[in-house]
Each structure stands twice: as C-alpha cells, then as structure tokens.
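> predicted structure and sequence below. I'll ask about it afterward.
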Amino acid sequence: MSKRLIVVLTLLFVAGIACAAYAEVQNVKVSGDIIASGVARSHFGLKYSVPNGDKDQFKQSFLMTQTRLRVDADLTDNVGATVRLINERVWNGQYDGSSSGNSKIDLDLAYVTLKEFLYSPLSFVVGRQEIRFGNALIMGNAKAQTGSTNIPSDLSERKAFDAIRATLNYDPLIIDLIYAKVKQETYDFTDANNPTSLKNDISLAGVNATYALNKNANLSAYYYIKNDKFKDGNTAASGGKSDKVNTVGGLISGSPIENMTASFEAAYQFGKSNTTNQSQKKHDAWALQGMLDYTFAKVKTTPKIGASYTYLSGNKSPSSDTRNQGWDPMFYDQKLNNITYAILPFTNMSVFNLKGSFKPMDDVTISAVYGWYDTAAKTNGGTAFSSPSYPDGTNTFAYQYSGKKHLGDSIDLTATYDYTEDVQLGLTYGWFKPGNGIADMEKDANQLIGSLKVVF
C-alpha cells in the first residue's frame, strides 16, 4: 500500500472520528465573567515600616482583571464535559516574554460528568472541579497558589480541586465521596551517599452525607482525612513525617420560621501531628460555628440582619503543649471579614460577627459586616502565620501573639449597583484595627476595592 493511500485513509479515519464525536454533542453552552477591579491597600503588615524594605506590606495599589470562559457540553448517555479557562492579571502590560506572565491562561475547570453510572442513583465527576459543602467551614477552596498570576491570593477566583467525586442520590439522602490530589511536587536531593527523591504532596479523601429532614431543614455529617507530606518543612531528609488530619463533624441548617435562616456546625480533628514542635504528637482540635439571618421581606427597603459566632481552637503554650490543639484550616472558603481573611490565620480564633443590609433603591444594596476577634486560647507566645501572595509573589506575614486575648476589630462597608441583569458595580471599604493580642502592632490595615463585573 502506497504512502499516499495510507495518508488518505488516515485522514478519512480522523475525519470520521471527528464527525462522529461532533454528532454525539447534544448541546453546548458558553458562559463566563469578567471582573475589572481597582485595589488600594495599606499597612497589611500592621506596621509603619518593614525591615526588609518590602513596600507591598506598607502600601499598594493596582488595577486588575479576572476573566473566565466556560464551555459546557451535553453528550449522549448522560455524559457531560466542562472546561473553564481563567486569566488573572495586574494591569502592567502583556508581559508575553514569560510563561508565568499576565498573558498566561490556565485551566480552572476541566471535568467529565457521568450521570446514572452503572445504575441510576450514582453519578461520577472526574477532573478539575469545584467542591463546596455546607457553609464551606471545611470544604470550599483548594487554596491554589497565585504568585505566578501576580494578584493577591485572597482575591483570586481559583478554588478548584483535581478530584474524583461520586454522588449517590437517594432522595432525600445524598452521599458524596471524594478523593483529591491537592498538591503534588517532587524534590531531588543529590547526596552522593544517600540520593533521595522526595514527594511533597497533599491528598484528601472524605465523605459528606446530607439528609433533608423536611422542606425547611437539612442535616449533614462528614468525615475527611488530609495527608500532608513534609508539612512545615519537616521533610524526610530532616526526620519529618506526614501530617495526618482527620476531621469529623456535622451541620444542621434550615429555616425555622419564615424569612429566617439558621445553622449550627461542630467539627473535631484528630490524627498524627507533624509540627516544628516535636512534642505535639497528635491533633486534638475543635471548631464551632452558629449563624442566624433574618429578612424583613415586607418592608420596602428589604432590610436584613444577621449574627454569627465562630470558634477555632488553639494552643495555649505552643512550646510545651503535648497535643496540637490548633485548628487546621483544611480548605475553608469563608470571609468573616475581608482583611482578616487575608492577614489572619484561620485558627486559634473566637469571632463574633454582626451584619446588616438594605436596598435604598431596587437596584442598589448597602451592607455592613462587623467582626470582633479574640484568640480562642490565651497563648503565652508563638507565631501566627498568614500567607497571601502579593504582586511580587514573595510576601508572607508573620504575627507574634502577645499573650493577651483581643486580636482586633474589623468592619466592611459595601455598596453594589445592579446596572443591568448582567452588569454589577461594587465598592467595598475594609478596616482592621489590631488589638492587644497581637504583639508590636503599630498601624491599622485598610483597603478600598472598586469593581465592575460582567456575566455572560
């Protein structure tokens, strides 16, 4: 058989496959959003100056755009595919000369959905996907690093996990089983006497079951195990072992009366702890959260009020505790307040929040959120870390506990204007006043964010 005939037959074969694949597509939906924002921040390091001269901890201002484009395809036999691309960039030119520059487009979502797999109650979702359960106290955000995209990680829209999710729908009972590879890296150590290749990865497995008690109330129970190899730099080369966190808990939520929503969640963590303090062999931590919101639906301006309490346990004496009682943040996706989400770690916290909103006009909403922050455990020292990534991609904030209780007060004021059904304008001011629970605090943190969001 001549080479020319082989080429022709090959092209016909490829074309036939392409046509057959195209014929299988029943429906395609294209959607997305664009967010253009102006951000001004000051003193997120809570200092007048920074010893290393990094001005990003002092004051910063920048413009940025976040763009997402999503394609959903419905295929035959209950098969679907979803792909979403994302670009997050600071306005400083295309920077085409670098693979990690502002022109970089990444896969934000890429998964396949198999409905009624093997039998009707079972569905599978395989690939890069968003996973969010309950109020996202435990599961909601994979915390993808965004240093290469040059925007602060607390403002990023990236939340997806590389995961397998199986859903059993026995209405009113829904059971989700998940396995995710959150992070995977390999480090090679060139020691002539002991050559070693170490894997630095984080894996997650778990189950979440939700039961609809009635049309106004839901009960959820969950169990997750996170295996974090070489946490805190304790690699196998330095005698460290994997950090294993087991999280078990439950959530009850619903509407006890008309126009009111309420929820209560409790969780406990146990497992093998791997910290820089080698005396802390086991995790032993608690989290509690209660929320209550009420809408005055019959009032013209539709006012809403709400309150919440969040408790995340901490260590009293980091240097001598035999148990690691500090709450592991897992993969939470809650902004109790905007600035504290960026600069305070989600552990050793006792937080009261009050919030309210109203609509002076049909397309305008004014809202406010206040937070009172204390330590859950009155620690006698130690360091609290938070790691947002700023435009230079290098920042890590570290705060020393003073031994006193009050971490600070925070407030967010927001105005949104629904220009059309597809376009929303927003302006948010945030303020955080550090308390005496943080050592050497010198300056309040502030931020102002204006945004334009278009959804299509």
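Ah, there it is.

> could you find the closest non-adjacent residue to residue 246?
Nearest residue to residue 246 in three dimensions, chain neighbours excluded: residue 271, at 4.5 Å (CB to CB, 6 or more residues apart in numbering). C-betas here are computed from N, CA, C, even on glycine.

> so that neighbour touches residue 241, yeah?
No: if you go by CB atoms under 8 Å, residue 271 and residue 241 don't touch, sitting 11.7 Å apart.

> quick one, which of these two is more surrounded?
Just comparing residue 271 and residue 241: by other CB atoms under 10 Å the higher neighbour count belongs to residue 271, 20 against 14.

> tell me how far that one lies from residue 323.
11 Å (CB to CB, to the nearest Å).

> surely the residue nearest to residue 246 forms part of a helix?
No: under the criterion used here (DSSP: H, G, I helix; E, B strand; the rest coil), residue 271 is strand, not part of a helix.

> what about stretch 125-138, start to end distance?
Using CA to CA, to the nearest Å, one end of stretch 125-138 lies 20 Å from the other.

> now it: average pLDDT?
Mean per-residue pLDDT for stretch 125-138: 97.

> what's the offset of that stretch from the middle of its chain?
Centre-to-centre, stretch 125-138 and its host chain are 10 Å apart (CA atoms, centre = their mean, to the nearest Å).

> in it, what's buried?
Neighbour counts using 16 or more other CB atoms under 10 Å place 125, 127-131, 133-138 of stretch 125-138 among the buried residues.

> in contact with residue 209, which residues?
Residues in contact with residue 209 (CB atoms under 8 Å, 6 or more residues apart in numbering) are 173-176, 220-222.

> beta partners for it?
Beta-bridge pairing for residue 209 (DSSP bridges): residue 175, residue 221.

> roughly how far does it sit from residue 223?
From residue 209 to residue 223 the distance is 9 Å (CB to CB).

> circling back to that earlier point, which neighbours do residue 271 and residue 323 share?
Common neighbours of residue 271 and residue 323 (CB under 8 Å, 6+ apart) are 282-283.

> rewinding a little: which neighbours do residue 271 and residue 241 share?
Common neighbours of residue 271 and residue 241 (CB under 8 Å, 6+ apart) do not exist.

> could I get the buried residues of stretch 125-138 as a markdown table with secondary structure?
Below are these laid out as a markdown table (three-state DSSP):
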| residue | secondary structure |
| --- | --- |
| 125 | strand |
| 127 | strand |
| 128 | strand |
| 129 | strand |
| 130 | coil |
| 131 | coil |
| 133 | coil |
| 134 | coil |
| 135 | coil |
| 136 | coil |
| 137 | coil |
| 138 | coil |
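
> what's the closest of those residues to residue 439?
Nearest to residue 439, judged by CB to CB, of these is residue 137 at 28.3 Å.

> now do the contacts for the closest one.
By CB under 8 Å, 6+ apart, the contact set of residue 137 is 251, 265, 267, 287, 289, 332, 334.

> ok, residue 297 next?
Residue 297 is in contact with residue 259, counting by CB under 8 Å, 6+ apart.

> ok so residue 342 is a strand residue?
No: assigned with three-state DSSP, residue 342 falls outside any strand and is helix.

> okay, now it: neighbour count?
Applying the criterion other CB under 10 Å, we find 23 residues in the vicinity of residue 342.

> and for residue 247?
The burial count for residue 247: 25, using other CB under 10 Å.

> show the model's pLDDT score for it.
For residue 247, pLDDT reads 98.

> go on, the one 5 residues further on?
Each residue has a pLDDT score; the one for residue 252 is 98.

> I'd say it and residue 289 touch.
No: look at residue 252 against residue 289 with CB under 8 Å: they stay out of range, at 11.5 Å.

> give me the common contacts of these two.
Joint contacts of residue 252 and residue 289 (CB under 8 Å, 6+ apart) are 263-265.

> just send these back as CSV, with pLDDT and neighbour count too.
Listed next are those as CSV, based on pLDDT from 0 to 100; neighbours: other CB atoms under 10 Å:
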residue, pLDDT, neighbour count
263, 98, 19
264, 98, 14
265, 98, 21
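
> nearest to residue 363 among those?
Nearest to residue 363 among the shared contacts of residue 252 and residue 289, counting by CB to CB, is residue 263 at 29.1 Å.

> now residue 311, nearest residue through space, not along the chain?
Closest residue in space to residue 311, ignoring its immediate chain neighbours: residue 288 at 4.3 Å, by CB to CB, 6+ apart.

> and that neighbour, what is it in contact with?
Residue 288 touches 265-267, 309-311, counting by CB under 8 Å, 6+ apart.

> show me where the stretch 251-400 of the chain has strands.
Secondary structure of the stretch 251-400 of the chain (DSSP state E, counting those that start in this stretch): strands at 260-272, 282-295, 304-312, 323-324, 349-361, 364-374, 383-386, 397-400.

> all good on my end, thank you.
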